[in-house]
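Novice: sequence and predicted model, in that order:
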Amino acid sequence: MSCNSCLCSLPRNEDSDSLKVADHERAGNQSWNRQDEELERTFVGQTRAISEIKGRVLRLARSDLTVLISGESGTGKEVVAWAIHKFSRRAHQPFVKVNCAGLPSTLFESELFGFEKGAFTGAFKKKPGKFQLAHLGTILLDELTEIPLSMQGKLLQVLQDKEFSPLGSNGNTRVDTRILATTNANIDEMVAERRFRLDLYYRLSAVHLHVPPLRERRGDIDLLCNHFLRKYAALYNRAYTPLSDRIRDDFYKYTWPGNVRELENLIRCMTALGDEEIFYENIKNNGHSIGKKVSTLQELRKKAVSKVESEAIAAVLTCTDWNRKKAAALLGTSYKTLLGKIKEYGIKQD
């Protein structure tokens, strides 16, 4: 074989580089698709709002930005936080959750930042705080607004300088910890009332995700129900049984004040006991109802106009001794229209 033929059989450098780029892009797409599929299993839902949150979760997972996640209780804020950690470079490091609402105000500093031996009566040995336990990983401050105002300055220091001083220590401890936070409170109102530091709020809300309540994402109810039915059928070793049409329709009418958590707990009980009627017992015991409709502004405006109009017509009819033609003239409307309004509003002569 000639030298020329050997050279012709070898790929050119740019072709080799193109192949490498293509392989890299293909591997990246496959990785992204796997993450997307895994996220679908982690955070169930396909409505527009939830799809947007999922997209942001995957993008945020590739950064170390602090994220504030807001929403009503039971909407899935902790699931969002876990997903951000799970798909990040810190996924194999600790994920430490701090239930701020469950901590007495006197224990916040020692729980979050730890303490040295002899720092206070009963401190017989050194104890690391939650931030140290979350080193290289992620810390979730659940219900952040429950942190006392006196501790918020120290938290701000961690966000700014990545270091803090444990209780009883003369030196600072450095940590590499990503901070995620959740709240179900109106944090803007708390800032205005000076119950939450404005500088800390700005630090935490660089990225803000809001998880909508279940009543605003009813299109996800079927997916969530099927997910929980299969989950608890497997847990309790029962056959998967879909919801009856009756219970499914009523699920769509119900307002779900406890959101996804309430739905999951209900399906867990229904699956364990094999009884759909538990749903009706629960809402009756909790003082709720099915299909309680919340009026829109347009509907409220229409009701207000109807009330004023009815009262005005009744007053003019009384003044004219129920002379309908005279009343129509005074009201600036036709006789036929007035008769229709009297019938519509059920106005009767005393």
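Specialist: Ah, there it is. Residues are numbered from 1 along each chain as shown.
Novice: how is the protein carved up into domains?
Specialist: 43-210, 217-285, 297-345 (automatic domain parsing).
Novice: quick check: residue 260 vs residue 71, distance?
Specialist: 10 Å (CB to CB, to the nearest Å). The way it works is simple: take the backbone N, C-alpha and C, and place the C-beta from them, glycine included.
Novice: which one of those two is surrounded by more residues?
Specialist: Higher neighbour count among residue 260 and residue 71: residue 260, with 22 against 18, using other CB atoms under 10 Å.
Novice: pull stretch 267-276 out as PDB, backbone CA atoms only.
Specialist: What follows is stretch 267-276, C-alpha atoms only, in PDB (Å, rounded to 0.1, in the frame of the first residue of the first chain):
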ATOM      1  CA  ILE A 267     -54.800   8.800  49.000                       C
ATOM      2  CA  ARG A 268     -52.500   7.000  51.500                       C
ATOM      3  CA  CYS A 269     -55.400   6.500  53.900                       C
ATOM      4  CA  MET A 270     -57.800   5.500  51.000                       C
ATOM      5  CA  THR A 271     -55.300   2.900  49.700                       C
ATOM      6  CA  ALA A 272     -54.400   1.500  53.100                       C
ATOM      7  CA  LEU A 273     -58.100   1.100  54.100                       C
ATOM      8  CA  GLY A 274     -59.500   0.500  50.700                       C
ATOM      9  CA  ASP A 275     -62.300   3.000  51.200                       C
ATOM     10  CA  GLU A 276     -62.900   6.100  49.000                       C
END
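Novice: just the buried residues of stretch 258-278, please?
Specialist: If you call a residue buried by 16 or more other CB atoms under 10 Å, then stretch 258-278 has these buried ones: 258-264, 266-268, 270-271, 276.
Novice: nearest to residue 203 among the residues you listed?
Specialist: residue 259 (27.9 Å; CB to CB).
Novice: the closest one contacts residue 72, doesn't it?
Specialist: Yes - with contact defined as CB atoms under 8 Å, residue 259 counts as touching residue 72 (5.9 Å).
Novice: for the nearest residue to residue 204 once chain neighbours are set aside, give me phi and psi.
Specialist: Leaving out its chain neighbours, the residue that sits closest to residue 204 by CB to CB, 6 or more residues apart in numbering is residue 68, at 4.8 Å. For residue 68, the backbone dihedrals (degrees, to the nearest 10) come out as phi -100, psi 120.
Novice: now the strands: where do they sit in the protein?
Specialist: Applying DSSP state E to the chain gives strands spanning 67-70, 95-99, 138-142, 163-164, 173-174, 178-183, 207-210.
Novice: export those strands to a markdown table and tack on distance to residue 286, mean neighbour count and mean pLDDT?
Specialist: Listed next are those as a markdown table, based on distance: least, CB to CB, whole Å; neighbours: other CB atoms under 10 Å; pLDDT from 0 to 100:
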| stretch | distance to residue 286 | mean neighbour count | mean pLDDT |
| --- | --- | --- | --- |
| strand 67-70 | 25 | 23 | 96 |
| strand 95-99 | 24 | 18 | 96 |
| strand 138-142 | 24 | 24 | 96 |
| strand 163-164 | 43 | 17 | 88 |
| strand 173-174 | 46 | 14 | 90 |
| strand 178-183 | 24 | 24 | 96 |
| strand 207-210 | 26 | 15 | 94 |
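Novice: closest one to residue 244 among these?
Specialist: Closest to residue 244 of the strands of the chain, according to CB to CB: strand 207-210, at 33.5 Å.
Novice: that closest one: partners in the sheet, and parallel or antiparallel?
Specialist: strand 67-70 (parallel) (DSSP bridges).
Novice: give me the below-cutoff pLDDT ranges for the protein.
Specialist: 1-36, 118-119, 121, 123, 289, 291-300 (pLDDT under 70).
Novice: name the residue closest to the centre of it, please.
Specialist: Centroid check for the chain by CA atoms, centre = their mean gives residue 211 as the closest residue, at 2.5 Å.
Novice: relative to residue 181, how far out is the residue nearest to residue 204?
Specialist: 5 Å.
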